[in-house]
Each structure stands twice: as structure tokens, then as C-alpha cells.
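**Q** Provided below are the primary sequence and the corresponding predicted coordinates.
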Amino acid sequence: MSLHLVCRLHSSKTMTCRIDRVVIGPGLQILHISGQITGTDVDLLRSLLEQERSVVAVDLKDVLLVDREAVRLLALSELNGAELRKCPAYIREWVTRERAAINASEQGIEASEDTEGV
């Protein structure tokens, strides 16, 4: 099992987000996140998710705070096959709503494309 740690510190030297990358075995990686996922943390998480070539699970048990951009990234990641584990109820509800909005938006785009040629 290997472990990779990524931290971002505020100027006050307090940690706001920690991401531990744990390799469980061939084809499965878990990103364990603790703290807050906001601002540049979202960009960092997006980059890490894009780098993964195998199945990814995102463990959110120790996440205290997320912003709208983080929720959108989590929803898109889940739609793309990532598994959200130990997701706090308020984050799960927000991600579910965001996934529904994404699906509705995609269906609206597809519907308008289908009717353009008519």
C-alpha cells in the first residue's frame, strides 16, 4: 500500500484540505479527503482525479465543508464512474441535486440538437 499526501495551507498556517491517495491494489485507488474542499482545493482535486487511470473512490468521511464548485466536481466525478464513499448526508443531498441538474441540462441540449434538423 502506498500513500501520497497533498496539503494546502492558508497563510495562517492552518490546514484547510488534506488528500491522502491510497492504492488498495491493481485498479483501485482511494482519495481520502479531510477538511474543506473550496477554492484552489477544487482545482487540485480535479487534477488528481484526471490523473487517475484506474477506478477511483473518494472517501469524504472527514470533509467538513464544501463549496458549490466542489459539489459540482463531485457530481461530475460520480457521473464519470468515481465512487463517493462515506459521504456526509448534506453533501450527498447536494451532489444528488447537482447530478439531476447536470442530467437535465444534458437532456435539454440533446433535445434542442435533435430538433434543429426538423
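**A** Nice, I can see it.
**Q** so where's the chain uncertain?
**A** 1-15, 109-118 (pLDDT under 70).
**Q** So which residues of it form strands?
**A** Remark: strands assigned in the chain by DSSP state E are 3-9, 15-25, 28-37, 55-66, 83-85.
**Q** among these, which is the most enclosed?
**A** strand 28-37 (a mean of 20; mean count of other CB atoms under 10 Å). No exception for glycine: its C-beta is placed from N, CA and C like everyone else's.
**Q** how far off strand 55-66 does that one point, in degrees?
**A** Per axes from the mean of the first three to the mean of the last three CA atoms, to 10 degrees, the angle that strand 28-37 makes with strand 55-66 is 10 degrees.
**Q** rewinding a little: Ile91 is nearest to which of the strands of the chain?
**A** Checking the strands of the chain against Ile91 by CB to CB gives strand 55-66 as the closest, at 5.8 Å.
**Q** Hmm, Asp41 and Glu69 touching each other?
**A** No - with contact defined as CB atoms under 8 Å, Glu69 and Asp41 do not form a contacting pair (9.4 Å).
**Q** circling back to that earlier point, save the strands of the chain as CSV, and put in distance to Arg46 too.
**A** Output for the strands of the chain, formatted as CSV (distance: least, CB to CB, whole Å):
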stretch, distance to Arg46
strand 3-9, 13
strand 15-25, 12
strand 28-37, 10
strand 55-66, 12
strand 83-85, 15
